[in-house]
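S.K.: everything below, folded, please.
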Amino acid sequence: MNGSPVLNDPNTWSLDREVVLVRVLAAPPAAVFAAWTDPDAFCDWFGPAGFSCTVREMDVRPGGRARFDMVAPDGTPYTNRFDYLEVVPDERIVLDHGSDVDDDPNRFRVTLTFDQQSDGKTVLTLRQLHPTAERRAVVIGFGAVELGLQTMQKLARHLGVD
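M.R.: Numbering: from 1, shown residues only. You can find the predicted model right below:
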């Protein structure tokens with residue numbers, strides 16, 4: 001697990017290090033949560049447009065880990081790892097996301113919330129906390145917001161609510 005004091009200290013949460021994406025999905029929280037936690041479903045939608053995905057391991061529980069590879073349209077492979085910190089079914093997942101190496105200096109904290117609206121839709125909120133404001137600027141600069149929105153669009157298609 002990432003032992004970064006910057007990510008682990010709740011008092012260091014800072015807007016200059018945060019990226020927030022929100023999408024309302026016409027599906028119940030259980031279905032949206034399942035898309036994040038079922039290894040067979042996950043790669044059906046995870047990643048920006050044109051990327052493929054292969055799950056190598058997915059153990060969704062506090063202390064568990066997911067390891068998966070994403071391949072860009074140009075064939076470039078990217079290893080990924082989630083280290084799960086908190087899992088509350090149909091409500092919340094907190095994880096550290098980085099490449100599949102120990103002590104990745106660019107690893108960032110992700111908090112996913114699945115909030116049910118009165119009409120049964122789910123408000124999916126994805127909050128990223130990057131290690132530094134500079135790192136946040138780098139990921140925004142290479143298109144992380146647009147790529148994240150593409151991923152949420154693929155999730156909506158996977159759920160059949162696009």
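S.K.: switch to C-alpha atoms for all contacts and neighbour counts from now on
M.R.: Noted.
S.K.: now the top helix by length along the chain: buried residues?
M.R.: Of all the segments assigned as helix in the chain under DSSP state H, the longest by residue count is helix 144-159. By neighbour count, with 16 or more other Cα atoms under 10 Å as the criterion, the buried positions of helix 144-159 are 144, 148-156, 158-159.
S.K.: list the contacts for Phe114?
M.R.: For Phe114, the contacting residues are 29, 32-33, 90-92, 122-125, taking Cα atoms under 8 Å, 6 or more residues apart in numbering as the criterion.
S.K.: make TSV out of those and add distance to Val55 and pLDDT.
M.R.: As requested, these are exported to TSV (distance: Cα to Cα, whole Å; pLDDT from 0 to 100):
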residue	distance to Val55	pLDDT
Pro29	23	98
Val32	18	98
Phe33	17	98
Asp90	21	98
Glu91	23	98
Arg92	21	98
Thr122	25	98
Val123	26	98
Leu124	22	98
Thr125	23	98
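S.K.: narrow those residues to those in strands?
M.R.: 92, 122-125 (DSSP state E).
S.K.: most surrounded residue in these?
M.R.: Neighbour tally across the ones in strands among the contacts of Phe114 (other Cα atoms under 10 Å): the maximum, 24 neighbours, falls on Thr122.
S.K.: who are the packing partners of the longest helix of the chain?
M.R.: The elements that helix 144-159 packs onto, with contact taken as 3 or more Cα pairs under 8 Å, 6 or more residues apart in numbering; DSSP states H and E, are strand 18-25, helix 29-37, helix 39-45.
S.K.: ok, now with 7 Å
M.R.: Packed against helix 144-159, as judged by 3 or more Cα pairs under 7 Å, 6 or more residues apart in numbering; DSSP states H and E, are the following elements: helix 39-45.
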